[in-house]
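> Predicted model and sequence follow; I will ask about them next.
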Amino acid sequence: METFPVAMSNRAAPPRRPRRAGDGDASGGRRAPRVQLRPGIVKFELAPPLVQSGPEVESPNGVRGWLSTFAGPVEYDVTELSVTSDRDLAFGHSVNRLSATPVGADRPFEMWFRSTLCLRRGDTGWRVADEHNSTPFYMDGSFRAAIDLRP
């Protein structure tokens, strides 16, 4: 089993134009990398419900619908990525940043959260089999999500 720390950080990258909800469409915009999901993927996302699985999770329409709730650019940065692999199974964990302006809002929000992916290699290559994103919460009795934390 090998662990590979992967250097991915917006701070070290050259300046770039943030991705926009319309990128990669017929107008000739750049395409975002396509994530290959394994059939039967199980996801634990930031938004309810507690567990997501089934055909609707595997469909790109869910992501398109989510992106349509934002006005303007959606920025997503992956930092502190580490990947461990062994033959046909791998997992990675990272600290990610999301920034966007919800439709109807005056200004963008920014939040950092944790992410863990499990990947399995099959006949068609590596595919995401499990995804877990989370934010810590304050243990002071308020149960507020700690979205103000920064790495």
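Yes, it's here. Bear in mind the structure is a predicted one, so any value in this text is a computation, not a measurement. Numbers count the residues shown, from 1 in each chain.
> Just name whatever secondary elements the helix or strand residue 63 falls within is in contact with.
Under the criterion of DSSP states H and E, residue 63 resides in helix 60-67. Applying 3 or more Cβ pairs under 8 Å, 6 or more residues apart in numbering; DSSP states H and E, one finds that helix 60-67 makes contact with no other helix or strand. Placement of C-beta: from N, CA and C, glycine included.
> now the helices: where do they sit in the protein?
55-58, 60-67 (DSSP state H).
> and residue 112, how many neighbours?
Neighbourhood size, residue 112 [other Cβ atoms under 10 Å]: 19.
> try residue 139
For residue 139, using other Cβ under 10 Å, the count is 8.
> hmm, back to that, any idea of the mean pLDDT in the helix holding residue 63?
For helix 60-67, the mean pLDDT works out to 82.
> residues of it that come out buried?
Neighbour-count burial for helix 60-67, counted by 16 or more other Cβ atoms under 10 Å, picks out no residue.
> Please apply the same query to stretch 80-95.
Neighbour counts using 16+ other Cβ under 10 Å place 81, 83, 85, 90-92, 94-95 of stretch 80-95 among the buried residues.
> Kindly report the same for stretch 43-52.
Applying 16+ other Cβ under 10 Å to stretch 43-52 flags 43, 45, 52 as buried.
> From those residues, which land in strands?
43, 52 (DSSP state E).
> Not counting sequence-adjacent ones, nearest residue to residue 83?
Using Cβ to Cβ, 6 or more residues apart in numbering and skipping residues adjacent in sequence, the residue nearest residue 83 is residue 92, 4.2 Å away.
> same thing with residue 57?
residue 43 (5.5 Å).
> hey, what's the one you found bridged with?
Residues in a beta bridge with residue 43, per DSSP bridges, are residue 52, residue 131.
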